[in-house]
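Student: Below are the sequence and a predicted model for it; my questions follow.
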Amino acid sequence: MPNHLLTVAPARAVRGALAVPGDKSISHRYVLLGALADGLTDASGLAPGADVTATMACLRALGVRIETPGPGRVRIAGRGRAAFAPPAAPLDAANSGTTMRLLAGILAGCPFETTLTGDASLSRRPMRRVIDPLTAMGARITAADGCAPLTIRGGALRAIAWRSPVASAQVKSCVLLAGLAADGRTSVHEPQPTRDHTERALPVFGGRVDVNELTVAIDGGQALVAPAVALDVPGDPSSAAVWAAAAAALPGSDVRIDGVGLNPRRLGFVAALERLGARIDIATERVRAGEPVGSIRVRHDSHGRTAIAADEVPGVIDELPVLAARAALGGGLEVSGASELRVKESDRIRALVAGLRRLGVDAVERPDGFVIDGRAQPAGGEVDAAGDHRLVMAFALVGLGARGPTTIRGADVVAVSYPAFAADLARLAP
């Protein structure tokens, strides 16, 4: 992508089979839990982007020995939270909200002061949602207007029963990780179901966690142990959703994504694509460390119209941009209850709608969502990714079905989650 530009030519169809990068959410959790566990954790298939790299860099700065013997491979010599040492400088989470929020939960139980920083984008994202429960547990946290940098003075924590005002797997995981160091039983009640990768991963490391509908609880004082066997991270469903949406949009398309995670809480995009007119076949082949893994095959069938409301949003929060792109190529989509998109890597509602309109899509911004009317074919053109990897992929998808070429500025940011995106795009849509 010379000069950070990606130009996408119109395509008749997308066809082929591929594997997508490792699941970013699971990768973060395996690395963090491996650092907390006693023993050697060996994992492969980790997400290759910058976010997981930031998590590993922060842990190394805390004194954790982490080796990377090959691409996607990691060996973590964990010695428990008690072995963490005060870092010599602030910990840089870069652009990774998962790194900052989950690591804050771990650091709240460490008896020293640490500062967590991030880039300009991360420093605008809301951290009050983790500051409040951690403060209630006894941590002392200093932040400007509820945003990074966060200075955390950790130590002895008390258990709490936290009712989260937002449906956020990052908040839930932060509180559970802090709960491991608390005195008593800590619980988190969510307003809606969110990703449950932490709940699935903890037992792999010998942890006990109780799940009762929307409430998750954990007992403090548990000692985690490294798994006896190597872990293998499945492919990322959010990356798979890009190719699924492309195949759903273009007649004659047939794409199969292999080795992808099939966690039910990550497959909301499948139901949405089916309502938009896709034919989708899912095959579960195995279960790894509590996570189902298999293949997703997607073909175009028709162009439909659908709506996604607040109760469905947590299950498709990362996939909403590509669902919008799918609707832009035929059919229609109305999204509401998704104000969380405004505090992602960009104001994702505003940047998405602005970019789609530049490409000739009939798109309307709403305070908590957007409306896409795909009855007219997009023209193509030039658009800015607004520093957001999800928007690079969404705009590229629109480009596949546009009348003319589409050029995306700042497309190098896609490396945050999918460094090989341009290469896979060229292979599926030659």
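Tutor: It's in. Numbers count the residues shown, from 1 in each chain.
Student: show me the contacts for the residue lying closest to residue 341 once chain neighbours are set aside.
Tutor: Excluding the flanking residues, the one nearest residue 341 by Cβ to Cβ, 6 or more residues apart in numbering is residue 348, at 4.0 Å. Every C-beta, even on glycine, is put in place using the N, C-alpha and C of the backbone. By Cβ atoms under 8 Å, 6 or more residues apart in numbering, the contact list for residue 348 reads 320-321, 341-342, 388, 390-391.
Student: what about residue 348, distance to residue 135?
Tutor: 28 Å (Cβ to Cβ, to the nearest Å).
Student: Same question for residue 17.
Tutor: Residue 17 is 49 Å from residue 135, where distance means Cβ to Cβ.
Student: Tell me, how many residues neighbour residue 306?
Tutor: 19 (other Cβ atoms under 10 Å).
Student: got it, and residue 362?
Tutor: If we define neighbours as other Cβ under 10 Å, then residue 362 has 15 of them.
Student: Settle this for me: it is touching residue 378, isn't it.
Tutor: No. Residue 362 sits out of contact with residue 378 when judged by Cβ atoms under 8 Å, with a separation of 9.2 Å.
Student: in the stretch 151-300 of the chain, which spans are strands?
Tutor: 157-158, 161-163, 182-183, 185-189, 209-212, 215-219, 231-232, 254-261, 278-288, 291-300 (DSSP state E, counting those that start in this stretch).
Student: Using CSV, please lay out those together with mean neighbour count, distance to residue 77 and mean pLDDT.
Tutor: Shown next, in CSV, are the strands of the stretch 151-300 of the chain (neighbours: other Cβ atoms under 10 Å; distance: least, Cβ to Cβ, whole Å; pLDDT from 0 to 100):
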stretch, mean neighbour count, distance to residue 77, mean pLDDT
strand 157-158, 18, 25, 98
strand 161-163, 17, 32, 98
strand 182-183, 18, 25, 98
strand 185-189, 19, 27, 98
strand 209-212, 13, 24, 98
strand 215-219, 19, 24, 98
strand 231-232, 22, 15, 98
strand 254-261, 22, 27, 98
strand 278-288, 14, 22, 97
strand 291-300, 21, 24, 98
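Student: between those, which gets nearest to residue 307?
Tutor: Among the strands of the stretch 151-300 of the chain, the nearest to residue 307 by Cβ to Cβ is strand 278-288 (16.4 Å).
Student: how far away is the closest residue to residue 368 other than its chain neighbours from residue 81?
Tutor: Using Cβ to Cβ, 6+ apart and skipping residues adjacent in sequence, the residue nearest residue 368 is residue 339, 4.2 Å away. Residue 339 is 35 Å from residue 81, where distance means Cβ to Cβ.
Student: now swap in residue 100 and tell me
Tutor: 18 Å.
Student: more neighbours, those two?
Tutor: residue 100 (29 against 21).
Student: now that one, what's its secondary structure?
Tutor: Three-state call for residue 100 (DSSP: H, G, I helix; E, B strand; the rest coil): helix.
Student: Touching, it and residue 115? I think so.
Tutor: No. In this structure, residue 100 is not within contact of residue 115 by Cβ under 8 Å, at 11.1 Å.
Student: Find the residues that touch each one of those two.
Tutor: By Cβ under 8 Å, 6+ apart, residue 100 and residue 115 have these common neighbours: residue 150.
Student: Spit out the contact partners of residue 387.
Tutor: Residue 387 neighbours (Cβ under 8 Å, 6+ apart): 121, 345-346, 410, 413.
Student: hmm, try it at 6 Å
Tutor: 121, 346, 413 (Cβ atoms under 6 Å, 6 or more residues apart in numbering).
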